[in-house]
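[1] Everything below, folded, please.
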Amino acid sequence: MNTLPLPMNTKTNTMENLKTITWTEWEDKYKPHSTEQDGLVRYWDEDEVEVARKENRLWTQLDVDRDDIFVIANGFHYVNRLDHFICEVPYEDGDLIEAIDD
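    Residues are numbered from 1 along each chain as shown. Predicted structure coming up:
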């Protein structure tokens, strides 16, 4: 059973609608921005996160119960949140997507 929380901006999604893709497929399709700048890790400020959330370009890295996978899900999540990614390409309204490590 999948334990990922639903994105906050969806009302009709259920876990039956969940689409799982690989990390490589996610990178190729959504084109995440790098969080490294001049060799240092850069953190998103609140304004960047809010704009990306409204434009469906925000993804959340989640801490799941398994150590063998890396999971990100579209949207902004509070529960089990580790980090955020901002992508160039937005996901569609109503999409429920998780990307797992290849």
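[2] Where do the strands of this protein begin and end?
    Secondary structure of the chain (DSSP state E): strands at 19-22, 36-37, 40-41, 58-62, 71-74, 81-86, 97-100.
[3] Below-threshold pLDDT in this structure: ranges please.
    Counting by pLDDT under 70, the chain shows low-confidence ranges at 1-16, 39-42.
[4] residue with max distance from the center of the chain?
    Distance to the chain centre peaks in the chain at D38, reaching 24.0 Å (criterion: CA atoms, centre = their mean).
[5] Am I right that E98 is in contact with V71?
    Yes - if you go by CB atoms under 8 Å, E98 and V71 touch, sitting 5.7 Å apart. (Each C-beta comes from the backbone N, C-alpha and C, glycine too.)
[6] still on that earlier bit, gap between the residue farthest from the centre of the chain and H84?
    20 Å (CB to CB, to the nearest Å).
[7] Name the nearest residue to the residue nearest to the spatial centre of the chain, ignoring sequence neighbours.
    Against the mean C-alpha coordinate of the chain, by CA atoms, centre = their mean, the closest residue is W59 at 2.3 Å. Nearest non-adjacent residue to W59, counting by CB to CB, 6 or more residues apart in numbering: F85, 4.3 Å away.
[8] Could you double-check that the one you found lies in contact with F70?
    No - between F85 and F70 there is no contact under CB under 8 Å: 11.6 Å.
[9] So for those two, which sits in the more crowded spot?
    Remark: of F85 and F70, F85 carries more neighbours, 21 against 15, as counted by other CB atoms under 10 Å.
[10] Pull up the gap between the more buried one and D93, please.
    Per CB to CB, F85 is found 19 Å from D93.
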